[in-house]
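In: one predicted model, sequence on top.
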Amino acid sequence: MSQVSRKIGPYMYDRPEDNVTVTFEGGRSFSVVQSSAYNQGIVGSEINGIVVLDNDNSRVILDRHMQGVPAGVQSIELERITKLGWKDFSQFCRDHPRYREGAAPDIDRGAASPDMPDLIAQGIARGRYVGPRTPIDLLPEMKRCNDPASEAPYKFPLESREDIIVALGQHSFHDAGGQRDYCLSWDIKAYNFDATGKLDGEDPVDARPVDARYDDAWEAYVSQADVFSQACENALCMYKEKEYTTYTGDDQGDYEFTTAGRSGGHLVLTNWDGNTPSDPASKAIPLSFYDRTDFVEWLKDLPDTSLVKLYKLVTCLDEDLKPENIKCEMDFQFSAIRHGMEEEWKLGEPLPNGVGPIEPELEEESPEPSL
């Protein structure tokens with residue numbers, strides 16, 4: 001297998017030309033992909049072949065066509081499939097042993113012509129919306145952020161229902177602990193943070209000096225205590241305790257989160273004070289969905305006010321939870337924990353195992369009085 005760097009769903013492919021969009025009468029759209037590997041957490045190159053994806057219904061039509069056949073032969077077949085007319089394309093899909101019946105109603109019933117396209121679903125598949133737009137009124141504070149003179153870190157460039165739904169429909173999803181309770185999520189894994197506690201920020205509050213005499217004690221403490229978990233717990237407190245606010249800070253208590261994943265590396269939005277689905281995937285999680293299509297259909301039914309508020313929330317979280325901001329937060333938490341421990345050690349708290357007595361702090365000599 002050659003170097004794989006592209007992915008659509010779990011299907012990986014090598015080159016841009018291995019992913020071909022086929023558009024039929026009226027704009028009905030499919031992606032035909034020559035997949036070289038399957039990625040479901042573990043990349044398996046033995047699962048390959050041609051995949052047909054329905055861009056309008058966000059469904060897999062079939063996969064593993066010509067699996068195991070040399071890539072050059074698959075490329076020839078890819079070209080053949082993408083040149084078929086609607087009738088032959090539809091027949092090819094229905095006759096395939098790995099056809100997902102029920103995925104595409106017009107293919108299922110052998111329709112003489114394709115159904116009208118879902119432009120929202122196509123926009124999600126393509127990464128951008130193309131079609132008529134319905135203007136939507138942003139909140140005043142969102143408009144202020146869009147002013148070029150604004151110093152706020154948040155920008156809200158989308159001003160139509162369709163563009164907002166497409167953007168939200170592409171957002172990361174993660175289960176909240178069950179098998180089919182998907183929620184909006186953010187990857188909050190922390191990398192390259194400073195575990196020494198010697199925060200060196202521009203803000204004087206962030207740049208409180210630590211006592212170098214306790215360097216060995218701190219290093220030993222970090223190795224003996226679970227400081228990382230404590231720092232994570234402190235950093236996540238505002239999310240788990242319903243203290244998170246969006247810009248401008250007047251919506252505290254409106255949002256509920258939990259963490260998910262094997263290491264708790266994903267922050268998951270489980271509830272908010274806006275509209276929730278009438279049939280959530282999990283009765284215990286009001287803002288949960290059976291799959292991405294279920295989520296998008298719910299978005300389409302949201303009133304403008306709720307859609308704008310969700311857009312604002314997701315945009316603020318996307319900015320606040322950027323990797324560089326997570327690193328800064330972890331730097332701060334390690335520094336705060338170290339300062340607290342230094343104070344306890346100075347008050348007589350036993351030092352970590354293996355650390356000797358701390359040398360007393362030398363007092364500065366007073367200058368000799370001048371005559």
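Out: Looks like it came in fine. Numbers count the residues shown, from 1 in each chain.
In: CA atoms for contacts and neighbours, from now on please.
Out: Fine.
In: for the host helix or strand of L310, packing partners?
Out: Assigned by DSSP states H and E, L310 belongs to helix 304-320. Using 3 or more Cα pairs under 8 Å, 6 or more residues apart in numbering; DSSP states H and E, the elements in contact with helix 304-320 are helix 161-169.
In: now the helix it packs on against helix 304-320, angle please.
Out: Helix 161-169 runs at 40 degrees relative to helix 304-320, counting by axes from the mean of the first three to the mean of the last three Cα atoms, to 10 degrees.
In: okay, buried residues for the helix holding L310 please.
Out: 304, 306-318 (16 or more other Cα atoms under 10 Å).
In: after it comes which helix or strand?
Out: If you walk from helix 304-320 toward the C-terminus, the next helix or strand you reach (DSSP H and E) is helix 323-346.
In: direction included, what does the helix or strand of the chain with the lowest mean pLDDT pair up with?
Out: Sorting the helices and strands of the chain by mean pLDDT, DSSP states H and E puts strand 43-44 at the bottom, at a mean of 74. With DSSP bridges as the test, strand 43-44 is paired with strand 37-39 (antiparallel).
In: hmm, back to that, could I get the buried residues of helix 304-320 as CSV with distance to N19 and pLDDT?
Out: Shown next, in CSV, are the buried residues of helix 304-320 (distance: Cα to Cα, whole Å; pLDDT from 0 to 100):
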residue, distance to N19, pLDDT
D304, 35, 98
S306, 35, 97
L307, 32, 98
V308, 33, 98
K309, 35, 98
L310, 32, 98
Y311, 30, 98
K312, 33, 98
L313, 33, 98
V314, 29, 98
T315, 29, 98
C316, 33, 98
L317, 31, 98
D318, 28, 98
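In: closest to P352 out of those residues?
Out: L317 (38.0 Å; Cα to Cα).
In: which residues sit in contact with E243?
Out: Taking Cα atoms under 8 Å, 6 or more residues apart in numbering, we find E243 in contact with 237, 252-253.
In: between these, which has the most around it?
Out: In terms of neighbours by other Cα atoms under 10 Å, the contacts of E243 top out with G253 at 15 neighbours.
In: for it, which non-adjacent residue is spatially closest?
Out: Spatial nearest neighbour of G253, excluding adjacent residues (Cα to Cα, 6 or more residues apart in numbering): K242 at 4.8 Å.
In: break the protein into its domains for me.
Out: 6-117, 140-320 (automatic domain parsing).
In: who wins for proximity to K346 among those?
Out: It is, among the domains of the chain and with distance given as Cα to Cα, domain 140-320, at 9.8 Å.
In: as a check, name the ranges of all helices in the stretch 151-300 of the chain.
Out: For the stretch 151-300 of the chain, applying DSSP state H, counting those that start in this stretch gives helices covering 161-169, 215-224, 227-240, 292-301.
In: so which of the ones you listed is the most surrounded?
Out: Of all those, helix 161-169 carries the top mean neighbour count, a mean of 22, counting by mean count of other Cα atoms under 10 Å.
In: could you list the residues in contact with that one?
Out: Residues contacting helix 161-169 (Cα under 8 Å, 6+ apart): 120-121, 123-124, 127-129, 133-136, 158, 292, 295-296, 299-300, 304, 307, 311, 314.
In: avg pLDDT for it?
Out: For helix 161-169, mean pLDDT rounds to 97.
In: that one vs helix 292-301, what angle?
Out: Going by the same axes, to 10 degrees, helix 161-169 makes 150 degrees with helix 292-301.
In: quick one: helix 161-169 to chain centroid distance?
Out: Here helix 161-169 is found 15 Å from its chain centre; the criterion is Cα atoms, centre = their mean, to the nearest Å.
In: now do stretch 106-115
Out: 35 Å.
In: circling back: run through who's touching the least confident helix or strand of the chain.
Out: Contacts for strand 43-44 (Cα under 8 Å, 6+ apart): 37-38.
In: before we move on, what about stretch 26-37?
Out: Stretch 26-37 has contacts (Cα under 8 Å, 6+ apart) with 1, 4, 11-14, 18-23, 43-56, 74-75, 78, 81-82, 114-118, 122.
In: among those, name the buried ones.
Out: Among the contacts of stretch 26-37, those that count as buried by neighbour count (16+ other Cα under 10 Å) are 11-14, 18-23, 45, 47-56, 74-75, 78, 81-82, 114-115, 117, 122.
In: inside strands: which ones of the residues you listed?
Out: Here DSSP state E is the test, and the buried ones among the contacts of stretch 26-37 give 11-13, 19-23, 49-54 as lying in strands.
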